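In: Quick check, what structure comes out for this input:
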Amino acid sequence: MKKLLLLLIVPFLSFSQVFTIDNDYIEIYNLSTVGNFSENTYVNTLEDITISYEIVTDSMPLEWDFQNCFPDCNPFNTYSIDAFSIPADSSVYLNGHFYPNNIAGEGLLVMELNANHGIYLDTVIWRGIAMPELNMQEHLKESKEIKFITNLSGQKIKKIDLEKVVIVTYKDNQSKMFYILR
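Out: This is a model prediction of the structure:
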């Protein structure tokens, strides 16, 4: 019985994680007219590691560019970096940028982090939405086809003043997301 227990515990210990990620799913909203929009997280090491990354999914409008900063900012559209070392008990900045180049749309980047030569893997996902610039107050006055308006949490709202992004559902059940200009 003791041998069986030991056989079950040893594989578990040998595959425990050597790093954590503060936030592995990040959504970013902004206007398509901004130069770039970004959000960061941190990679936290539990022991000395060698780490690299590869963008395994890139789904965005062709006109868009992206950039990652890990540990330093890499050139636009860099799909992988060579392994580098991070000491134990470190917190390293990991940032994703979208450059929409005045094109409204949605982008998705999935980064696979590979530590200690493929023994430890984890992913970070950035979802960026660039919306066209629109005066929402004017749109609401002109449109008589609105069924309801919700916030990003799906709650119906009556006043858009406190929201940054709203989703307008029209009577034909089509929906459109808007970034509120202040």
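
In: Point out where the chain drops to low pLDDT.
Out: Flagging of the chain using pLDDT under 70 yields the residue ranges 1-16, 134-143, 181-182.

In: per-domain residue ranges of it.
Out: Split into domains by automatic domain parsing, the chain comes to 16-131, 136-179.

In: Identify the residue nearest the geometric centre of this protein.
Out: The centroid of the chain falls nearest to Trp126 when counting by CA atoms, centre = their mean (1.8 Å).

In: ok, for it, nearest residue in space, not its chain neighbours?
Out: Gly96 (3.9 Å; CB to CB, 6 or more residues apart in numbering). Backbone N, C-alpha and C define where each C-beta goes, glycine included.

In: Help me confirm that the one you found is found in a helix?
Out: No: counting by DSSP: H, G, I helix; E, B strand; the rest coil, Gly96 falls outside a helix, being strand.

In: I'd like the distance between it and Ser52.
Out: As judged by CB to CB, to the nearest Å, Gly96 and Ser52 stand 16 Å apart.

In: Between the two, tell me which one has more neighbours.
Out: Gly96 (25 against 16; other CB atoms under 10 Å).

In: Please name the bridge partners of the more buried one.
Out: Taking DSSP bridges as the rule, Gly96 bridges to Glu39, Asn68.

In: thought it was touching Cys73?
Out: No: counting by CB atoms under 8 Å, Gly96 does not reach Cys73; the two are 10.9 Å apart.

In: Mutual contacts of the two, please.
Out: Gln67 (CB atoms under 8 Å, 6 or more residues apart in numbering).

In: would you list every one of the helices in this structure?
Out: Counting by DSSP state H, the chain has helices at residues 2-14, 136-142.

In: For the residue nearest to Trp126, give me its contacts.
Out: Going by CB under 8 Å, 6+ apart, the list of residues near Gly96 reads 26, 28, 38-40, 66-68, 109, 111, 124, 126, 128.

In: Any idea what Asn114 is bridged to?
Out: Ser52, Leu121.
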